[in-house]
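Participant: Can you look at this prediction? I've put the sequence above it.
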Amino acid sequence: MEKDLLKSEDEPWRALEFYSGIGGMRYSLMKAGVNAEVVEAFDINDKANDVYQHNFGHRPYQGNIQSLTATELDSYKARAWLLSPPCQPYTRQGLQKQSGDARAFSFLKLLELIPHISQPPVLLFMENVVGFETSDTHTKMIEILGNSNYVTQEFILSPLQFGVPYSRPRYFCLAKRKPFSFRCQLFNNQLLWSPGPLLGQDDITVINKPDQSEESWDKLLQSCDPVERFLEFKSPSHQIYTETDFLETNNVATDSLGASEKIAEANEYESMDQYLVPLSLIERWGSAMDIVYPDSKRCCCFTKSYYRYVKGTGSLLATIQVRFNFKHAVIYRVVCLELVLVTYFLLNTAHIYLLFDVVFLEPKKKGKTTSLKEQCLRYFTPREVANLHSFPEDFQFPQHISLRQRYALLGNGLSIAVVAPLLQYLFAQPS
Ligand SMILES: C[S@@+](CC[C@H](N)C(=O)[O-])C[C@H]1O[C@@H](n2cnc3c(N)ncnc32)[C@H](O)[C@@H]1O
């Protein structure tokens, strides 16, 4: 084995975390339990860096990754690179300018530096949106990695495949520099849609695209926990701190200065009011909303525009379950019809026509919007989105990060439930 690839067994892998955001990759590395340390993280966004610093006690290098040089990268002596570059150049909703999009330049620059680094990384892990795998950036990445002696295995996986009721399929590229190799080499240079290899299933059938039949979809969803397990507020009632509650729970002397500011602060994030979906939005966008219930086994991907827009940015939670299904509709009409007939025989008056209207027209008038209004729709809270991204309980936002910023940072993030086993698989050495 080349001298520069060697490291003693108990020496941790030195890793660089590019596009570190709020630290999803670092949490995944911790969760994976591999012997690795992040020696530097890089992000241009100061708010993301505030959150990172708050949780890890280290402020990432704040600057444009595009301006890093081969000499600077060499100086970290890092053997593993973890990257989650911007997704916008490849998203279906975007312009799909791919390598022509300025937001792709820094990643392309890093790739181009690899052949010029005296000790290029031994392990490389990259995350992006589905769509990246057909882009010209992907072609370029595979070409550079191939020419630089790497072997790759690629995956498209979603938290749903790991028991989390959250649909967020993402593309992942795992690369190892030869003579390092993957535990199962059958999957070299393949795109896999199954977590099978991560679970030790080395069956060649995992290479096939997933079975999209309703039956296999149902089976997958049934293996997920209900959404309820990820909620911080389980009851529909609003939870607003009173001054006494706050003072009691925080052991604050009643005469202490600044208590009311603290209450206001607590209210800002503890109150449910701010999470309720306004009726005007329900009236306008109700039919386009993705509504889930506490017992649902799936919710939609939260994007960085969640809470700013309701359409296509993530699911909303119905806190009061009023599901008017076919069975209920039949029972409703039978009961009402009996009522009409009884009334007719008892009263035999013109009011009967009015009752007929109620029985037969009311359910039709009850459009989706009406029933949505009754369901007390609310946004998932940032903590709940973090839970669905499998962030640890001790992850926190510093107080000065606004609600919108919290959603935006989380929307850029990744699923630890998916990334941790992938990292475990990448860092494992075949015996
Ligand atoms: C898809 S997000 C990655 C989020 C991260 N994995 C997490 O867990 O939060 C991309 C991140 O890259 C940062 N970024 C984008 N372009 C950059 C550049 N040229 N230099 C440094 N950081 C950049 C953004 O600020 C953003 O935080």
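Facilitator: Cool, the structure landed.
Participant: Tell me the spacing between residue 132 and residue 65.
Facilitator: 17 Å (C-beta to C-beta, to the nearest Å). C-beta coordinates here come from the backbone N, C-alpha and C atoms, glycine included.
Participant: who has more neighbours, those two?
Facilitator: Using other C-beta atoms under 10 Å as the criterion, residue 132 and residue 65 rank with residue 132 on top: 25 against 18.
Participant: ok, the more buried one - contacts?
Facilitator: Contacts here follow C-beta atoms under 8 Å, 6 or more residues apart in numbering; on that basis residue 132 touches 87, 90, 138, 171.
Participant: swap in residue 169?
Facilitator: Going by C-beta under 8 Å, 6+ apart, residue 169 touches 130, 156, 157, 158.
Participant: Tabulate these (JSON lines), appending neighbour count and secondary structure.
Facilitator: Converted to JSON lines, the contacts of residue 169 look like this (neighbours: other C-beta atoms under 10 Å; DSSP: H, G, I helix; E, B strand; the rest coil):
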{"residue": "130", "neighbour count": "16", "secondary structure": "coil"}
{"residue": "156", "neighbour count": "18", "secondary structure": "strand"}
{"residue": "157", "neighbour count": "24", "secondary structure": "strand"}
{"residue": "158", "neighbour count": "22", "secondary structure": "coil"}
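Participant: From those residues, pick the one nearest the ligand.
Facilitator: Of all the contacts of residue 169, the ligand sits closest to residue 130, with 13.7 Å by C-beta to the nearest ligand atom.
Participant: which residues sit in contact with residue 279?
Facilitator: With contact taken as C-beta under 8 Å, 6+ apart, residue 279 is in contact with residue 373.
Participant: what's around residue 308, how many residues?
Facilitator: Neighbours of residue 308 under the rule other C-beta under 10 Å: 12.
Participant: again, but for residue 211
Facilitator: For residue 211, the neighbour count with other C-beta under 10 Å is 12.
Participant: Low-confidence ranges, the protein, go.
Facilitator: Applying pLDDT under 70 to the chain flags residues 1-9, 206-208, 210, 235-270, 321-370, 431.
Participant: what ranges do the strands span in it?
Facilitator: Assigned strands in the chain, in chain order: 13-18, 36-42, 80-83, 123-129, 150-157, 170-177, 191-192, 291-292, 316-318, 377-379 (criterion: DSSP state E).
Participant: With respect to the ligand, which of the ones you listed lies nearest?
Facilitator: strand 36-42 (5.6 Å).
Participant: how far does that closest one sit from the chain's center?
Facilitator: Averaging C-alpha positions (C-alpha atoms, centre = their mean, to the nearest Å) puts strand 36-42 22 Å from its chain's average.
Participant: Got the domain ranges for this structure?
Facilitator: Domain assignment for the chain by automatic domain parsing gives 3-224+412-427, 238-271, 326-365.
Participant: Next, format these as TSV and append distance to residue 298.
Facilitator: Shown next, in TSV, are the domains of the chain (distance: least, C-beta to C-beta, whole Å):
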stretch	distance to residue 298
domain 3-224+412-427	5
domain 238-271	26
domain 326-365	21
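Participant: follow-up on the earlier one: in the contacts of residue 132, find the pair that's most separated.
Facilitator: Largest separation among the contacts of residue 132 by C-beta to C-beta: 87 and 138, giving 12.8 Å.
Participant: Get me the contact residues on the chain for the ligand.
Facilitator: For the chain, the residues in contact with the ligand (C-beta under 6 Å from any ligand atom) are 19, 21-25, 42-45, 48, 64-66, 84, 86-87, 106, 412-414.
Participant: Pull out the buried members of the residues you listed.
Facilitator: Among the residues of the chain next to the ligand, those scoring as buried are 19, 21-25, 42-43, 45, 48, 65, 84, 86-87, 106, 412-414 (criterion: 16 or more other C-beta atoms under 10 Å).
Participant: Sort out for me which of those residues are in helices.
Facilitator: Under the assignment DSSP state H, those contribute 24, 25, 48, 106 to helices.
Participant: what's the distance between residue 159 and the ligand?
Facilitator: Separation of residue 159 from the ligand (C-beta to the nearest ligand atom, to the nearest Å) stands at 14 Å.
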